[in-house]
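Engineer: Structure of the sequence below:
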Amino acid sequence: NKKDTYKIVNKLMDRDLSKNMKPDCKPDEVLCEELKDFFNQKVQDIYSNLDHEKAKDTDSSKKSSSSSVSHSWKNFQTITEKDLDEIIRDLNKKECEEDPIPVKLLVQCLEEIKPLILFIVNDSLMTGVFPEAQKSALVKPSIKDENGDTNSYKNYRPISNLPFLSKVIEKSVHRQLEDYLKLHNLHAELQSGYKSNHSCDTATLA
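Structural biologist: Got it, this is the predicted structure:
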């Protein structure tokens, strides 16, 4: 497993790039606000570019709309207790300060609180509404290049620590979308990123 191997190597070589590395020119309170604004602006720039590309593709979309589509996504399905067990089993159990209880305790008491979690997940799937309380995240800046300029915000990327329940809902959605894409063979032929059993190796060989 390459991911586990890199984790072991980085730990042995003390390669925690984000550890004790941050801009040193301003107080923490100022850095927090400025980094927040910087990351927010990057997201807004991405949205603006997407809107621009969407506008450019409008005409071509109209031209191709005449071709019939043999299948379309209807709605999400509720998950079962078995599905929930599998999702929680496979998820990373990383703690988040936004969690109302520690993840380890949640796993230990899963049988008792499973009906509640199942209700929240299925309600989100059926209504198409993501719980407001699960939209928050603890965002920490992580240095991209330890040899780069630590005072340049461009040398940092945001790392989000998400509430555990939000990841359960996200995984529930992902599983159904992934099954749909596979069923109708809708994956891009040369896609390797974010695709099971694919990696940089398969991208190179494609």
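
Engineer: would you list every one of the helices in this protein?
Structural biologist: 2-12, 28-56, 58-64, 81-90, 103-108, 110-127, 164-183, 200-205 (DSSP state H).

Engineer: closest one to Y194 among those?
Structural biologist: helix 164-183 (9.3 Å; Cβ to Cβ). C-beta: built from backbone N, CA, C; applies to glycine.

Engineer: Can you get me the start-to-end distance on stretch 187-196?
Structural biologist: Across stretch 187-196, the terminal residues are separated by 11 Å (Cα to Cα, to the nearest Å).

Engineer: in that stretch, what counts as buried?
Structural biologist: Within stretch 187-196, the residues scored as buried using 16 or more other Cβ atoms under 10 Å are S192.

Engineer: which other residues reach that stretch?
Structural biologist: 178, 181, 198-200, 202-203, 206 (Cβ atoms under 8 Å, 6 or more residues apart in numbering).

Engineer: tell me the two of these that are most distant?
Structural biologist: The span of the contacts of stretch 187-196, defined through Cβ to Cβ, is set by L181 and C200 at 21.0 Å.

Engineer: These two: which is more packed in?
Structural biologist: Using other Cβ atoms under 10 Å as the criterion, L181 and C200 rank with L181 on top: 15 against 10.

Engineer: Could you measure from the closest residue to that one other than its chain neighbours over to S48?
Structural biologist: In space, and not counting its chain neighbours, L181 is closest to H187: 5.4 Å by Cβ to Cβ, 6 or more residues apart in numbering. H187 is 28 Å from S48, where distance means Cβ to Cβ, to the nearest Å.

Engineer: One more: E178?
Structural biologist: From E178 to S48 the distance is 29 Å (Cβ to Cβ).
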